[in-house]
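[1] Kindly return the folded structure for what I paste below:
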Amino acid sequence: MTMPIQLLVCTVFVSTGISKLFAMSSFEEAIVRFTSIRNALAVRILSATTVALEIGCAVLLLVPIVPYHIPEIVLMAMLLFFSILITYHLFKKTKLTCHCGGLLGNEPIGVGIPIRNALLFIGLGWTIVAPASPSVVERLKHAEQWQMLALTELLVLCLLTAYYFIQKVNALMKENASSQ
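    Got it, this is the predicted structure:
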């Protein structure tokens with residue numbers, strides 16, 4: 001039961017990491033706007049570390065070579081940290097763009113981002129407490145598991161695509177309402 005959650009979280013974090021990698025300067029600007037860090041070297045180190053952790057820990061969800069659920073815990077800590085930052089700026093009514101990237105888009109911050117992060121957090125928590133099941137890599141040793149993996153990933157991508165389009169429609173509706 002944990003495989004769909006692992007695939008979902010992996011897809012989300014790999015896509016966001018790659019998106020930030022290709023737009024690193026935008027992500028660095030977002031770090032400056034979201035935090036009080038103004039040192040260019042510190043911002044560069046923090047942004048590179050964030051991207052490396054996102055991609056690395058996401059891949060490690062599927063290839064469990066690190067013990068004690070460390071990738072899950074690191075990703076949960078990142079989700080919590082970013083949710084606290086976003087919630088803080090929501091209460092201050094700061095107009096910022098998330099720069100979350102990836103399949104989730106780069107929308108202005110809103111209450112949906114901490115809710116989405118909470119759902120990902122709960123999913124990761126479930127992968128820690130759920131009964132152990134074979135990893136994705138272990139499952140791929142059996143030919144019939146390839147079809148299940150492909151169908152599960154297709155479902156994950158469909159869900160993320162639907163989420164993306166819902167966000168876009170919501171943004172267009174807000175823009176239309178504000179222009180009237």
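[2] Only C-alpha atoms from now on, for both contacts and neighbour counts.
    Fine.
[3] The nearest residue to Val66 once chain neighbours are set aside: neighbour count?
    Using C-alpha to C-alpha, 6 or more residues apart in numbering and skipping residues adjacent in sequence, the residue nearest Val66 is Leu60, 7.3 Å away. The local packing of Leu60 (other C-alpha atoms under 10 Å) involves 17 other residues.
[4] Please list the outside residues in contact with the host helix or strand of Leu60.
    Per DSSP states H and E, Leu60 falls inside helix 40-62. With contact meaning C-alpha atoms under 8 Å, 6 or more residues apart in numbering, helix 40-62 is reached by 6-7, 9-11, 13-14, 16-18, 20-21, 24, 27-28, 31-32, 37, 66, 71-72, 74-75, 135-137.
[5] Please name the residues that touch the nearest residue to Thr2 once chain neighbours are set aside.
    Leaving out its chain neighbours, the residue that sits closest to Thr2 by C-alpha to C-alpha, 6+ apart is Thr127, at 5.5 Å. Neighbour list for Thr127: Thr2, Ile5, Gln6, Glu72 [criterion: C-alpha under 8 Å, 6+ apart].
[6] closest to Tyr164 among those residues?
    Ile5 (18.0 Å; C-alpha to C-alpha).
[7] Need phi/psi at the closest one.
    Backbone torsions of Ile5, given as degrees, to the nearest 10, read phi -70, psi -40.
[8] how deep is it tucked in, by neighbour count?
    19.
[9] can you pull out the helices in the chain?
    Ranges of helices in the chain, per DSSP state H, are 2-22, 24-34, 40-62, 70-91, 112-129, 136-139, 143-179.
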